[in-house]
Each structure stands twice: as structure tokens, then as C-alpha cells.
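J.: sharing a sequence plus its predicted fold:
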Amino acid sequence: MTLFLSCPVADVERATAFYAALGWELQAGMSGPESSCFAIAPEQNVMLTSRAMYESVGGVEELIGGPDTPSKVTVSFDLPSKEAVDELVERAAAAGGRVGDTDDYPFMYQRQFDDLDGYHYSPFWMKHAPEPEADADADATASA
């Protein structure tokens with residue numbers, strides 16, 4: 001299954017620059033003056049479209065918000081390390097995004113940012129539990 005998150009934006013060129021600054025890959029074959037498509041992971045894409053193009057899909061006029069309208073969806077995804085989470089959020093901030101909370105749970109490290117049109121992202125890194133063999137080796141040593 002290929003996933004596309006479709007997001008109407010106020011200015012396609014400005015939104016394209018923001019997502020390019022995140023380091024995500026522009027899919028030129030699926031992009032044009034009214035839209036930009038970015039691959040964020042294999043088979044996972046963000047499609048940025050002008051409001052007019054988004055409305056032309058039909059039946060969605062009332063769904064189009066703006067930068068002052070809170071996102072009704074949070075796009076969460078894992079990254080390979082805490083540093084990768086921080087680097088992405090720092091790139092979002094440098095490109096003009098709004099940075100939100102940082103949550104450092106025992107099992108997960110998570111940060112928040114909004115893009116220029118108010119779409120909310122929550123990249124995270126799942127912390128790894130201690131290896132069970134290490135506990136078993138300690139128990140075996142203690143009982144010997």
C-alpha cells in the first residue's frame with residue numbers, strides 16, 4: 001500500500017521550500033505548479049497542493065483550514081535515533097516551522113513541529129529495552 005497525505009497549502013512554492021529544507025525527497029514526476037509531492041519514507045508521501053487544486057477534488061471545501069486553524073491530524077513517525085529527531089525538528093525550525101513540546105518518556109523520545117500551513121508532525125524515537133540476555137547472565141552469575 002502506498003500512502004499519500006494530501007495537504008492544501010497557501011503557497012505551493014513556499015511549502016515546497018519548507019519540505020525540501022527538511023531533507024525529504026521531492027518526487028518531480030508527481031509535482032508541478034499546483035502541487036509538490038515528497039517521499040518521507042518508502043511508499044509514504046506528503047502531497048502539497050494549492051487550495052484551488054485541493055478543492056477541485058470535490059466535496060472538501062469545508063475541510064480546508066489554514067495556518068491559524070489547528071491541525072486535526074498529527075503525523076507521527078519513528079526515526080532511528082534521538083539525534084535524528086532533534087536534527088529534523090531543528091531543520092523545521094530553521095525553515096520557519098513552529099516547534100512544540102519535547103517529551104522524554106522512559107520508552108520514547110518525541111518532539112513536535114508545525115509546518116508553515118499548520119500541519120502537525122510528531123517525530124519520535126523508540127528507546128530500546130535492555131537485552132533480556134544481560135539480565136539472564138547476571139542471574140546465572142549470582143546463583144553460581
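T.: Received the coordinates, thanks. Numbers count the residues shown, from 1 in each chain.

J.: in this structure, what helix or strand scores lowest on average pLDDT?
T.: helix 132-143 (a mean of 53; mean pLDDT, DSSP states H and E).

J.: low-confidence ranges in this structure?
T.: 57-72, 129-144 (pLDDT under 70).

J.: could you pull out the helices for it?
T.: 12-21, 51-56, 82-94, 132-143 (DSSP state H).

J.: mean neighbour count, the ones you listed: which tops it?
T.: Stretch with highest mean neighbour count among the helices of the chain: helix 12-21 (a mean of 18; mean count of other C-beta atoms under 10 Å). Every residue, glycine included, has its C-beta placed from N, CA and C.

J.: and it with helix 82-94, angle?
T.: 150 degrees (axes from the mean of the first three to the mean of the last three C-alpha atoms, to 10 degrees).

J.: report all helices and strands that helix 12-21 contacts.
T.: Under the contact criterion of 3 or more C-beta pairs under 8 Å, 6 or more residues apart in numbering; DSSP states H and E, helix 12-21 touches strand 25-26, strand 35-41, strand 44-50, helix 82-94.

J.: and the last one, what does it pack against?
T.: Going back to what we said before, that points to helix 82-94. Judged by 3+ C-beta pairs under 8 Å, 6+ apart, the packing partners of helix 82-94 are helix 12-21, strand 98-104, strand 108-114, strand 120-126.

J.: for the ones you listed, could you give me CSV that also reports distance to residue 2?
T.: Listed next are the helices and strands packed on helix 82-94 as CSV, based on distance: least, C-beta to C-beta, whole Å:
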stretch, distance to residue 2
helix 12-21, 18
strand 98-104, 29
strand 108-114, 25
strand 120-126, 20
